[in-house]
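Novice: prediction below, plus the sequence it came from.
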Amino acid sequence: MEHRGQKHHRERLTESLREEISTMLAGELADPRIGLVTVTDLIMGEGARSMRVFISVEGTDEEARRTLDGLNDAKGYIRHQLGETLALRHVPELFFLLDRSEKYGARIDQLLGRLQKRKK
């Protein structure tokens, strides 16, 4: 079981990483493949060795795929910048994943709307 202090430290670290990654994605990366990206969630692995970064990409599935490719190619730079900016000895390994929850939510809303129309 994680102690209260360790849990608080992990939460603060996760929030700091979210802010820095969001800032980088908003303007620091010059890769033309990277489109309009929003960091939706971060999940830190055990021991803070890895982190899943869930992102939402505006545009088509092809644009999302290109953005993921660009982010995966920029992982080393992003980790280096995070280490310098936040003065971290060990920066977690980053894994970028598409967050499709908005699309799933919109599809569920659409299906529920159809059901309500049929009932009337």
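Specialist: Right, received. Where do you want to start? None of these values were measured; they are calculated from a predicted model. Residues are numbered from 1 along each chain as shown.
Novice: where does Leu97 land in three-state SS?
Specialist: When states are read from DSSP: H, G, I helix; E, B strand; the rest coil, the local structure at Leu97 comes out as strand.
Novice: wait, what's in contact with it?
Specialist: Taking CB atoms under 8 Å, 6 or more residues apart in numbering as the criterion, Leu97 is in contact with Arg52, Val53, Phe54, Ile55. Quick note: C-beta positions are derived from backbone N, CA and C, even for glycine.
Novice: try it again at 7 Å.
Specialist: Under the criterion of CB atoms under 7 Å, 6 or more residues apart in numbering, the contact list for Leu97 reads Arg52, Phe54.
Novice: quick one: it and Arg18, what's the gap?
Specialist: In this structure, Leu97 and Arg18 are 14 Å apart, going by CB to CB, to the nearest Å.
Novice: any low-confidence regions in the protein?
Specialist: The model of the chain has pLDDT under 70 over residues 1-2, 120.
Novice: what ranges do the strands span in it?
Specialist: 37-44, 50-57, 93-98 (DSSP state E).
Novice: out of these, nearest to Arg118?
Specialist: Arg118 lies closest, by CB to CB, to one member of the strands of the chain: strand 50-57, at 31.3 Å.
Novice: could you dump that closest one to PDB, C-alpha only?
Specialist: Presented in PDB, the C-alpha positions along strand 50-57 are these (Å, rounded to 0.1, in the frame of the first residue of the first chain):
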ATOM      1  CA  SER A  50       6.400   4.500 -17.400                       C
ATOM      2  CA  MET A  51       3.500   6.800 -18.200                       C
ATOM      3  CA  ARG A  52       0.600   6.400 -20.600                       C
ATOM      4  CA  VAL A  53      -0.300   9.700 -22.200                       C
ATOM      5  CA  PHE A  54      -3.800   9.700 -23.600                       C
ATOM      6  CA  ILE A  55      -4.400  12.300 -26.300                       C
ATOM      7  CA  SER A  56      -7.300  13.600 -28.300                       C
ATOM      8  CA  VAL A  57      -6.600  14.800 -31.900                       C
END
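Novice: can I get the strands of the chain in CSV with distance to Tyr77?
Specialist: Converted to CSV, the strands of the chain look like this (distance: least, CB to CB, whole Å):
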stretch, distance to Tyr77
strand 37-44, 15
strand 50-57, 14
strand 93-98, 11
